[in-house]
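A.B. asks: Need coordinates for the below:
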Amino acid sequence: MPIIVVFKMFKSLAPLLFAALLSGVCAASPRTLTLATTQWCPYTCGELSEAENLIGNYLTELFAKHNLELKIESYPWARAIQLAEGGVVDGLLTAVNSEAPSLRFTSVPTAYYQVCFYTYDSAWRFGSIADLTGKVLGVIRDYGYTPDIDRYVASHEGSGRIETVGGSLSTQRLIRMLQAGRIDALVEDRLVLASVLNQLEPQPVHLFEAGCAQAQPFYLALSPDLEDVDTILTQLNSELASQQNQQRLNQKITEITRQQGWE
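C.D. replies: Below you'll find the predicted structure:
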C-alpha cells in the first residue's frame, strides 16, 4: 500500500482514535473508599436483605454519582472508631461527633435516629434524665446516644448504675441482661431494637417502651488525612442536602417501618 494512502487513512482515523483514548480516560475505574460501621440494622447491616441496610445502600448510591465506590466493613463499634481514627479505614459510615471528634464530618446529616428506654417488666417511665436516679442502665461502649444521656453515662461510670457492653451482638446481650434482672433498663434506637427483636430466637421477647429522647442527627465521617477530603465532603453535603434524596430515604424508612410493623 502506498505510503501516502496509509498516511491519509491514519489522518482520517486520528480523531476517532483520540476520542477513544479520551473516553477511556474519562471512564476511569471508580476510586474505592473503605468505611467502617457496626451491626446497626436496619441502618447498616450487611447480612440481611437490601431493606435492612438502608444507609449503606443509600450512601453507596450517592457516592457512585461522583465515581466513588464504597467498601463497607463491619466491626464492634469501639473497634470501628479505633480503625477510623487510626487511619486504617477511610472513615465511619454513620457517626456523631462525640463518638469520633478527630474525624471530619459532613455538615448535613445523613438521617435521624431516636433512642428510647426499654424495660422488661416494670412500670417505670422515662421523662427526663432525673428519672434515671436509682436505676441501673445498660449501654453500649462508645455509643453516642444524646448529649444529655452521654453526659449522664460518663458521670456515672463505675458507680454501679451503668452497665456497659461491647463486642458483637451488644444489643442482644443487653436484652438478656434485662431479662435476667441485671439492669433495670436499656437504651437503644427504636428501629434498631425492633430489628434485633425480629431476629431473636428461639422465641420473641416483649419489652416495654418507657419513654424516648428527642430525635438526633447522624452523619458520615472521614479521616482528615484522606486525599481530597474537602472535595468529597462538599460533594456529599450537596447530595445529602438534596430534597429529592432526603424524600427518597425517608420513604424507604417509612416503608420498612410499616412492613415490619414497627410503627
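A.B. asks: what about residue 239, distance to residue 181?
C.D. replies: Per C-beta to C-beta, to the nearest Å, residue 239 is found 47 Å from residue 181. The C-beta positions use only the backbone N, C-alpha and C, and glycine is treated the same way.
A.B. asks: what about these two, which has more around it?
C.D. replies: residue 239 (20 against 10; other C-beta atoms under 10 Å).
A.B. asks: Can you verify the more buried one is assigned to a strand?
C.D. replies: No. Going by DSSP: H, G, I helix; E, B strand; the rest coil, the assignment for residue 239 is helix, not a strand.
A.B. asks: wait, it sits on residue 246?
C.D. replies: No. When contacts are counted by C-beta atoms under 8 Å, residue 239 is not listed as touching residue 246 (9.9 Å).
A.B. asks: Between these two, which contacts overlap?
C.D. replies: Common contacts of residue 239 and residue 246 (C-beta atoms under 8 Å, 6 or more residues apart in numbering): none found.
A.B. asks: ok, the nearest residue to residue 41 once chain neighbours are set aside to residue 222 distance?
C.D. replies: The shortest distance from residue 41 to any residue other than its chain neighbours is 4.2 Å, reached at residue 195 (C-beta to C-beta, 6 or more residues apart in numbering). Applying C-beta to C-beta, the value for residue 195 to residue 222 is 27 Å.
A.B. asks: likewise residue 87?
C.D. replies: Counting by C-beta to C-beta, the separation of residue 87 from residue 222 is 11 Å.
A.B. asks: next one: residue 131
C.D. replies: 37 Å.
A.B. asks: Please identify which of the two sits among more neighbours.
C.D. replies: residue 222 (23 against 15).
A.B. asks: tell me the contacts of that one?
C.D. replies: 33, 90-91, 103-105, 229, 232-233.
A.B. asks: pLDDT wise, what is it at?
C.D. replies: Among the per-residue scores, residue 222 shows a pLDDT of 99.
A.B. asks: give me the beta-bridge partners of it?
C.D. replies: Bridge pairing for residue 222 (DSSP bridges) gives the partners residue 91, residue 104.
A.B. asks: Can you say which helix or strand has the residue nearest the centre of the chain in it?
C.D. replies: Centroid-nearest residue in the chain: residue 94, 3.0 Å away (criterion: C-alpha atoms, centre = their mean). Per DSSP states H and E: residue 94 is located in strand 91-95.
A.B. asks: what about stretch 116-130, how long is it end to end?
C.D. replies: For stretch 116-130, the first-to-last residue distance is 15 Å (C-alpha to C-alpha, to the nearest Å).
A.B. asks: buried sites along it?
C.D. replies: Buried residues in stretch 116-130, counted by 16 or more other C-beta atoms under 10 Å: 116-120, 126.
A.B. asks: avg pLDDT for it?
C.D. replies: Across stretch 116-130, the per-residue pLDDT values average to 94.
A.B. asks: can you offset everything so residue one is 2?
C.D. replies: All set: I'll call the first residue 2, so the last point we hit is now stretch 117-131.
A.B. asks: how far out from the middle of the chain is it?
C.D. replies: 26 Å (C-alpha atoms, centre = their mean, to the nearest Å).
A.B. asks: Leaving out the residues flanking it, which one is nearest to the residue nearest to the centre of the chain?
C.D. replies: Excluding its sequence neighbours, the residue lying closest to residue 95 (C-beta to C-beta, 6+ apart) is residue 219, at 5.1 Å.
A.B. asks: residues near the one you found, how many?
C.D. replies: 24.
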